[in-house]
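Undergrad: This is a predicted model, with the sequence first.
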Amino acid sequence: MGKIFITAALTGGLITKAQNPNLPEQPDEIAEDAHRCFNEGAAIVHLHARDKNGKLSSDPKIYKEIHERIRAKCDIIIQDTTGGGPHLSLDERLSSIEANPEMASLNMGTMTRLLEPYKGTMQINPPWEIERFAKTMSEKGIKPEMEVYNPSMFVDVNNLIERNLIKKPYYINLVIGIRFQGGLPGTPKSLLMMLDQAPALRDVIFNVTAIGKTQIQLTTLAMVLGLNLRVGMEDNIYYSKGVLAKSNAQLVARSVRIARELGLEIASPQETREILGISKNTQ
């Protein structure tokens, strides 16, 4: 099946230290955690920035500082978010890529948040904005990680392909279990249904992100299917029921152990760059 690669989503936009005191928030914490994840076998690190008070920020200066601190430690692939959070405008969300990451997330549809304190607010991603984000990433040589939360969003994936706004290989992250209207339950059936409905393209690389308590079950299923995976405290703050994760590296290490028990090889950052068709960005 070839090698698989692992992404570590370190911080997220909504999780706080009050929920898990081990969450990395500031640039030095994030860089240190990214380095630990690299040492455990992660190839990609997915980043959200926080200001000095721990509030979500899209300030490219903060992202640049995080990048510099990570680059001083290791060559893990840097992937910045453009999903942002409920307080950020579309332009603010897109501004994170001014820090020149190698990759950036690209949400492929609009959904409604269901959990407090942001219940009823929208994550807005209309087709024309998806196109604008993809075009901007293409102009800067940034690989989009297309985040798909339900099968209807494959319509927008196909739209980007037809408009030649993204390059092969196409990288799709299937996000399962998010508590948004428009998301799918965190079950194996949801993942298998998404794969069944995915575009019949030869040049697609799939990743699986599972939110919440079924993270390890669904990411293990992903490995059995030969797919790539994402773990980390952005998606699940627990290591096991009632036991908080000590670090993102702990979650990466567990998935690496499972992969090796399944007879799978883990791709290094450089091997993952070759798989995804991206060049190392040292900025």
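TA: Yes, it's here.

Undergrad: use CA for all of it now, contacts and neighbours both
TA: Will do.

Undergrad: Tell me the pLDDT of Lys280.
TA: Listed pLDDT for Lys280 reads 71.

Undergrad: The nearest residue to it once chain neighbours are set aside: neighbour count?
TA: Of all residues beyond its chain neighbours, the one nearest Lys280 is Glu102 (6.7 Å), with distances taken as C-alpha to C-alpha, 6 or more residues apart in numbering. Close neighbours of Glu102, defined as other C-alpha atoms under 10 Å, add up to 24.

Undergrad: Contacts only, for Glu102.
TA: Applying C-alpha atoms under 8 Å, 6 or more residues apart in numbering to Glu102 gives the contacts 77-79, 141-143, 278-281.

Undergrad: For the stretch 1-150 of the chain, give me the ranges with low pLDDT.
TA: 1 (pLDDT under 70).

Undergrad: hey, where'd the helices end up in it?
TA: For the stretch 1-150 of the chain, helices defined by DSSP state H, counting those that start in this stretch occupy the ranges 27-40, 60-71, 90-94, 127-139.

Undergrad: Reformat those as JSON lines; add distance to Gly212 and mean neighbour count.
TA: Shown next, in JSON lines, are the helices of the stretch 1-150 of the chain (distance: least, C-alpha to C-alpha, whole Å; neighbours: other C-alpha atoms under 10 Å):
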{"stretch": "helix 27-40", "distance to Gly212": "20", "mean neighbour count": "22"}
{"stretch": "helix 60-71", "distance to Gly212": "26", "mean neighbour count": "20"}
{"stretch": "helix 90-94", "distance to Gly212": "24", "mean neighbour count": "18"}
{"stretch": "helix 127-139", "distance to Gly212": "26", "mean neighbour count": "18"}
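
Undergrad: and the ones you listed as a markdown table, adding distance to Gly120?
TA: Formatted as a markdown table, those follow (distance: least, C-alpha to C-alpha, whole Å):
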| stretch | distance to Gly120 |
| --- | --- |
| helix 27-40 | 30 |
| helix 60-71 | 28 |
| helix 90-94 | 18 |
| helix 127-139 | 21 |
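
Undergrad: from the contacts of Glu102, which single one is nearest Ile70?
TA: Each of those was checked against Ile70 using C-alpha to C-alpha; the closest is Ile78, at 8.6 Å.

Undergrad: The closest one is in contact with His48, isn't it?
TA: No: taking contacts as C-alpha atoms under 8 Å, Ile78 lies outside contact range of His48: 11.0 Å.

Undergrad: How about the residue nearest the centre of the chain: which residues does it bridge to?
TA: Taking C-alpha atoms, centre = their mean, the centroid of the chain lies closest to His46, which sits 5.1 Å from it. Counting by DSSP bridges, His46 is bridged to Ala9, Gln79.

Undergrad: so it touches Asp80, yeah?
TA: Yes: between His46 and Asp80 there is a contact under C-alpha under 8 Å: 5.7 Å.

Undergrad: Thr272 falls within a strand, correct?
TA: No: Thr272 is assigned helix when assessed by DSSP: H, G, I helix; E, B strand; the rest coil, not a strand.

Undergrad: Can you give me the neighbour number for it?
TA: Neighbours around Thr272, by other C-alpha under 10 Å: 20.

Undergrad: Give me the distance between it and Ile4.
TA: Distance of Thr272 to Ile4, given as C-alpha to C-alpha, to the nearest Å: 8 Å.

Undergrad: for Glu116, phi and psi?
TA: Main-chain torsions, Glu116, degrees, to the nearest 10: phi -70, psi 150.

Undergrad: Look up how far Leu227 lies from it.
TA: Taking C-alpha to C-alpha, one finds Glu116 at 33 Å from Leu227.

Undergrad: More neighbours: the two, which one.
TA: Set Glu116 next to Leu227 and count neighbours by other C-alpha under 10 Å: Leu227 wins out with 20 against 8.

Undergrad: Which positions in whichever strand or helix holds Thr219 come out as buried?
TA: In the assignment (DSSP states H and E), Thr219 maps to helix 215-224. For helix 215-224, a neighbour-count test (16 or more other C-alpha atoms under 10 Å) marks 215-216, 218-224 as buried.

Undergrad: Contacts for it next, please.
TA: 4, 186-188, 191, 207-210, 228-231, 235-236, 255, 258-259, 262.
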